[in-house]
Every structure is written in C-alpha cells, then in structure tokens.
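Q: 3D, please:
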Amino acid sequence: MHKLIVCDSKKCLGCLICELACSAKTAKSINPSFSRIRVVNFEPSGSLALACMLCEDPPCVRSCPRDALRQHEKTGQIIVNEDKCTGCSWCEIACPFGTIASNPIKKGVTICDLCDGEPECVKACPYEALVFATPEEVMHKSRREAFFKLLKELGEA
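A: Sure, this is the predicted structure:
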C-alpha cells in the first residue's frame, strides 16, 4: 500500500492554506492555480482537499495517447514526462477525482508529486485535516477513534 494525502473532511475548513503551500513549494509562486492539491467546498456542509489518489490501475496513465504518464512502482506516484506531454487533457478527463490540472505556464499537466515524501500541504495545514499515510493507517486510526468514543459513551451510560 502506498502512502497518500488523505483529508479528514470533519477538520477541513476550506482555508486553502494547503493550496498556497503547495504552489509555493512546487511552483515558487503563491498562486492556487499552480497547486497540485485542490480544495472542494460543499456549501454549507464542509470542505475536502484532494490530491492524487494513487490509483492501483490509474485511468490517467491508460488514457494518455502520448505515453507521457507512468506510475512509480515504489511510491505509486504518477510521473509526467514533460517532453512527451502536450497538455491534451485526456488524463484530466479520465481522473475520477479531478486531481490533475493543466499547467498554465507549461503546455502540460501537473500531478501531485508528494514532495518527495514530505508533503508541504500536510505540514502547512493548521487544522491537521491532512495526513500522509496509507489507507490502512487511516482506517486503523478511524477504528481506534470510534472504539474510544464508544467506550466513553458506554462509561457515561
């Protein structure tokens, strides 16, 4: 299982700090249009930050007519070959999570590169809504929190 960036929608306030931190790190610009993580607001119920979900059989890679995308075996990260990418957007359309974006400067696409294992967006989130973990680690934490919440409720009954 690969580590990925996961957002706890109960903690995410939609502040966009993750987008700003990402753009500052990856594009050296404080501009959300350069971000590789996207915050989606579901008014009035909440927000969710989304980055590449590192699909097991990534539709973005399969859809690229120029073979400009490949998945790294160890990290699961989608790597863009900028020399081959023409910015046709087939990968953007194929991504079920909407986490691939056209690069406004380069004529290609950008996909989260996980900041070499130290995601800047996770570090910058003031509400600790983002974690860099495997899905198994996230599920274990959720089950643990549910267990202790249940114990507390039983103790108060």
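
Q: residues contacting the residue sitting nearest the centre point of the chain?
A: The centroid of the chain falls nearest to residue 51 when counting by CA atoms, centre = their mean (1.4 Å). Applying CB atoms under 8 Å, 6 or more residues apart in numbering, we find residue 51 in contact with 4-5, 36-38, 99, 112, 119, 121. Glycine gets a C-beta too; all of them are placed from N, C-alpha and C.

Q: Can you give the domain ranges for the chain?
A: 1-51+112-157, 53-98 (automatic domain parsing).

Q: Include mean pLDDT and distance to residue 105 when you put those domains into TSV, please.
A: Putting these into TSV (pLDDT from 0 to 100; distance: least, CB to CB, whole Å) gives the following:
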stretch	mean pLDDT	distance to residue 105
domain 1-51+112-157	93	8
domain 53-98	96	11
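
Q: okay if I get those domains as a markdown table plus distance to residue 106?
A: Listed next are the domains of the chain as a markdown table, based on distance: least, CB to CB, whole Å:
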| stretch | distance to residue 106 |
| --- | --- |
| domain 1-51+112-157 | 10 |
| domain 53-98 | 7 |
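
Q: Out of those, flag the one nearest residue 104.
A: Closest to residue 104 of these is domain 1-51+112-157 (CB to CB; 5.7 Å).

Q: what separates that closest one from the chain centre, distance-wise?
A: 8 Å (CA atoms, centre = their mean, to the nearest Å).

Q: longest helix of this protein?
A: As assigned by DSSP state H, the longest helix anywhere in the chain is helix 135-156.

Q: Identify the residues contacting that helix?
A: 1, 4, 6, 131, 133.

Q: likewise stretch 19-32?
A: In contact with stretch 19-32 (CB under 8 Å, 6+ apart) are residues 16, 33-39, 49, 110, 112-113, 115, 120-121, 123-124.

Q: change it to 7 Å
A: Stretch 19-32 is contacted from outside by 16, 34-37, 39, 115, 120-121, 124, using CB atoms under 7 Å, 6 or more residues apart in numbering.

Q: Now residue 8: closest residue in space that isn't a chain neighbour?
A: residue 129 (5.0 Å; CB to CB, 6 or more residues apart in numbering).

Q: Just give me the neighbour total for that neighbour.
A: Residue 129 sits with 24 neighbouring residues when counted by other CB atoms under 10 Å.

Q: Great, nothing more from me.
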